Structure formats: structure tokens, C-alpha cells
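**Q** Sequence plus predicted model, see below.
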Amino acid sequence: MKVEWISFFLFGIAALIHFGFFFFEAILYQRRGFHEKLGISERDHQIQKVWALNQGFYNLYLSVGTLTGLYFVMQKQIMLAGVLTSFCGVSMIVSGCVLWLSVPRLRAAALLQAIPPLLGFLFLSFHIIK
């Protein structure tokens, strides 16, 4: 398997993970009674719902942007693919770093967010260097 396809796969995984974040934050988290499953009070849930909805859509945009960039790779529009995928991938990595530093109990989520695009860039660099 060529290293560029490994990179493509990792960016695809990153997009799917961020779509999963969107689904959790913008759909599941909005449901009445969902807070009980997470051990969150009704009051806190009502306050957090707006934040979660907004955050969920940010994750959706990162997911769609990355998938669109991968589509442009398949169309051999490399400049457009590089801009979209790089912007979204760097945003995912930086967001994961912010989460890692700001909320230590969510470090596993931070790694889930940041590692696939980081590895995607690593394998992409092997392709570019050769």
C-alpha cells in the first residue's frame, strides 16, 4: 500500500470521528433525559445544550471539510484538496491539544481527536519527501 493511501485513510478516520462528535453533541446531547445517562443535572444539561449544539456543528464542518478535501484528492485537484484537508486537519490537531491541556480528564478524547490527522500528516510527509 502506498503511503499516500494510508494518509487518505487516516484523514477519513478523522472525518468520521468528528462526525461522531457532531452526532453526540448536536443530536444525542439535545434529547430530553440524555443527561441522566451522563450523570449531569437537569440544570447543567439545559445550560450546556446550546454549547453542545454549537460545538457539534463545528465538528460537522471539520468532518465535511475533510471529506470534501479527500474528494478533491480523488479528482486530482491537489491544491484544493491540500488546502481543505490541511486546514481541517490542523484544526483537529490544535483542538485536541487545547482539550488535552485544558481538561485532563478528557485526555483520551483529546487523543482520539488529534492522533488520526496527526498521523495523516506524518504519512503524507513521507509521500511528499520521496
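**A** Perfect, thanks for sending it. Residues are numbered from 1 along each chain as shown.

**Q** so the closest residue in space to residue 75 that isn't next to it in sequence is in which element?
**A** Distance criterion CB to CB, 6 or more residues apart in numbering; nearest residue to residue 75, sequence neighbours excluded, is residue 81 at 7.8 Å. (Glycine included, C-beta is placed from N, CA and C.) Applying DSSP states H and E as the criterion places residue 81 in helix 78-102.

**Q** Report all helices and strands that the very next helix or strand once past that helix contacts.
**A** Sequence-wise, the next helix or strand downstream of helix 78-102 (DSSP H and E) is helix 107-129. Judged by 3 or more CB pairs under 8 Å, 6 or more residues apart in numbering; DSSP states H and E, helix 107-129 is in contact with helix 3-22, helix 78-102.

**Q** Please repeat the previous calculation with a cut-off of 10 Å.
**A** The contact analysis (3 or more CB pairs under 10 Å, 6 or more residues apart in numbering; DSSP states H and E) places helix 107-129 against helix 3-22, helix 42-74, helix 78-102.

**Q** what's the model's confidence in the shortest one, averaged?
**A** The reference is to helix 3-22. Averaged over helix 3-22, pLDDT sits at 93.

**Q** Off-centre distance for it?
**A** Taking CA atoms, centre = their mean, to the nearest Å, one finds helix 3-22 lying 8 Å from the centre of the chain it belongs to.

**Q** Format the helices and strands packed on helix 107-129 as CSV; extra columns: distance to residue 126 and mean neighbour count.
**A** Shown next, in CSV, are the helices and strands packed on helix 107-129 (distance: least, CB to CB, whole Å; neighbours: other CB atoms under 10 Å):
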stretch, distance to residue 126, mean neighbour count
helix 3-22, 5, 20
helix 42-74, 16, 17
helix 78-102, 15, 17
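
**Q** Who are the contact partners of the residue sitting nearest the centre point of the chain?
**A** Geometric centre of the chain, nearest residue: residue 18, 3.4 Å, by CA atoms, centre = their mean. Applying CB atoms under 10 Å, 6 or more residues apart in numbering to residue 18 gives the contacts 56, 58-67, 88, 91-92, 95, 112-113, 116-117.
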